[in-house]
Structure formats: structure tokens, C-alpha cells
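A.B. asks: Okay, predicted coordinates and the sequence, questions at the end:
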Amino acid sequence: MTNGTAAGETKLLWPSLGNFYSQFFEIAYALLRVVIGYILFMHGWVKVHAGAGAVAGGMAKNGLEPASLFAYAAMFLETVGAACLIVGLFTRFFGAALAIEMAIAFAVVHLPKGFSAGQGGFEYVLLIGIVLFVIAIRGGGPYSVDRLIGKEL
């Protein structure tokens, strides 16, 4: 350790920002979790309003069979699971389950269409999937129902 910095550790150009970063890290993480949950919830809400039959038709068209099972799973995860992410309840479980959903969407639906989301590509599901993976690893954090009840996966 030299001058309060461990070997290989970077120094801040403006050391006074260190307190800001440390004070707001958990708030920024909670905001990330809430926003990802909200985005997914809105996708799920559209599916719920379209109905399981319409969602299953889209799943079948994209080669996901059994389409009804995939439709109900997506509707559940993107509404109930997303709401749980927002409040931080069963965060690791739903983070992992939604990351798996994004991995399936990545591999089956979006990968063949290339990178650009504008052409139906994988950039959006890749980003959301990686963020969900991080949430699954990190858990709810201090601003979560998981923390309030004192238990998580």
C-alpha cells in the first residue's frame, strides 16, 4: 500500500469525489434495479393485454415450442418477476430467471438478426440480460424488501 492506495488500484483524479461515489453507490444500484424492473414490467404488461393466445402465436412464429408454456412464462416473469425486481423481493431468483429468459430470446430470436436492435437484433436483450445477471449475483441490496425481511437466496 502506497499513499493509501493498494497496488494496482486506480486513483481518482478528484479524490473529493470518492465520498460522493461511496455514498451514492447503493442508491444508484437500487435505481438500476428499479428501472430494469420497470422496463420489463412494461413489456410484460403489453403481453398480458394482448393475451396468452397472441403471445403464444408470436412465440411459435419465432420457433419457441411449446409456445403456450413460453408465453405464460414470459408473461409471469415480465410482470410478477419484474414487480419483484422493482421492490427487491426474491431479487436473485427473478434476476436469474429473467436473465435466462433474455438468453433464450438472444439465442433463438435476436441473434440471427444481427447486432442492431433497429433490425430486431440482439443488442437490447444482451444489455438487459447482462444487467439482470449482475442483479442476480448482487441481490436486492440495502434498499430492498429482501433486506427488510433479512433473507434472500
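C.D. replies: Yes, it's here.

A.B. asks: Please confirm that Lys47 is located within a strand.
C.D. replies: No: with DSSP: H, G, I helix; E, B strand; the rest coil as the criterion, Lys47 is helix rather than part of a strand.

A.B. asks: what's the one helix or strand Ile135 maps to packed up against?
C.D. replies: Ile135 is located in helix 123-138, with elements delineated by DSSP states H and E. Under the contact criterion of 3 or more Cβ pairs under 8 Å, 6 or more residues apart in numbering; DSSP states H and E, helix 123-138 touches helix 17-50, helix 91-104. All C-beta spots, glycine's among them, are computed from the backbone N, C-alpha and C.

A.B. asks: Show me the contact partners of the shortest one.
C.D. replies: Defining contact as Cβ atoms under 8 Å, 6 or more residues apart in numbering, one finds that helix 91-104 is touched by 33, 40, 64, 73-74, 77-78, 81-82, 84-85, 125-126, 128-129, 132-137, 139-141, 144, 146, 152-153.

A.B. asks: Please identify the buried residues of it?
C.D. replies: Neighbour-count burial for helix 91-104, counted by 16 or more other Cβ atoms under 10 Å, picks out Thr91, Arg92, Phe94, Gly95, Ala96, Ala97, Leu98, Ala99, Ile100, Glu101, Met102, Ile104.

A.B. asks: tell me the angle of that helix relative to helix 17-50?
C.D. replies: Interaxial angle of helix 91-104 relative to helix 17-50 (axes from the mean of the first three to the mean of the last three Cα atoms, to 10 degrees): 60 degrees.

A.B. asks: just how off-centre is helix 91-104 within its chain?
C.D. replies: Helix 91-104 has its C-alpha centroid displaced from the chain centroid by 7 Å (Cα atoms, centre = their mean, to the nearest Å).
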